[in-house]
Each structure stands twice: as structure tokens, then as C-alpha cells.
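Engineer: coordinates for the following, if possible.
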Amino acid sequence: MKKYKKKSLEREAIRFNGENMAEISEFTGGRILESFSVQMMDQISISTPSGVAIGKKGDWIVRADVDDFYPVSDKTFRESYEVGDE
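Structural biologist: From the prediction side, this is the model:
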């Protein structure tokens with residue numbers, strides 16, 4: 001799994017593409033609640049310590065701590081993170 005740096009922080013992340021539910025479920029330790037949309041799987045619900053977070057297709061799922069994952073929009077992710085060491 002690639003790691004990405006945010007300023008002085010390094011985080012693991014994976015981009016949600018609407019088809020990688022199994023990979024994200026494994027990455028988050030099964031914290032995925034559902035994926036939904038009218039025509040295809042383009043939103044995802046993630047259980048976080050502060051409640052349920054909704055990610056959209058193209059968002060990045062970022063690991064903040066061992067049990068804390070949250071979605072970040074692609075634009076914000078690209079502005080805030082750079083590729084780090086694997």
C-alpha cells in the first residue's frame with residue numbers, strides 16, 4: 001500500500017473507484033457499512049469513531065490512526081498530500 005505525506009504527517013490511503021469495495025474493506029478492517037447509488041456503486045459509508053462518514057467515487061480513504069478512517073476529496077488530497085515511502 002502506498003503512503004502519502006501531509007506536511008510532516010504520513011498516512012496510508014486508497015482511492016475509492018466504485019469497484020474496489022473488497023480492497024477498501026480489507027484496508028479499513030471491515031469498517032465499510034455500505035456502498036450505494038442509483039445506477040452504480042459511487043458512494044461509500046465508513047464507520048468512524050465520530051460517526052458515519054460518506055465518501056464519493058474518486059475520494060481517498062485515509063487512515064488517521066489504527067481505527068480511524070475518513071474520506072478526503074481528490075482535490076483536497078492532491079493539494080495536501082504527496083507520495084511518501086511504501
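Engineer: need the strands for the chain, in chain order.
Structural biologist: Remark: strands assigned in the chain by DSSP state E are 3-6, 9-15, 32-36, 43-48, 51-56, 60-65, 68-72, 81-83.
Engineer: pull up the pairing partners for the longest one, direction included.
Structural biologist: Partner strands for strand 9-15, per DSSP bridges, with pairing direction: strand 3-6 (antiparallel), strand 60-65 (antiparallel).
Engineer: go on, the fifth one?
Structural biologist: Strand 51-56 has the following strand partners under DSSP bridges: strand 43-48 (antiparallel).
Engineer: and the strand it pairs with, how far out from the chain's middle?
Structural biologist: 9 Å (CA atoms, centre = their mean, to the nearest Å).
Engineer: lowest average confidence, helix or strand, in the chain?
Structural biologist: Lowest mean confidence among the helices and strands of the chain (mean pLDDT, DSSP states H and E): strand 32-36, at a mean of 65.
Engineer: I'd like to know how many residues surround residue 44.
Structural biologist: 26 (other CB atoms under 10 Å). (Each C-beta comes from the backbone N, C-alpha and C, glycine too.)
Engineer: so it bridges to which residues?
Structural biologist: Note on residue 44: beta-bridge partners residue 35, residue 55, judged by DSSP bridges.
Engineer: wait, it touches residue 32, no?
Structural biologist: Yes. Counting by CB atoms under 8 Å, residue 44 touches residue 32, with 6.3 Å between them.
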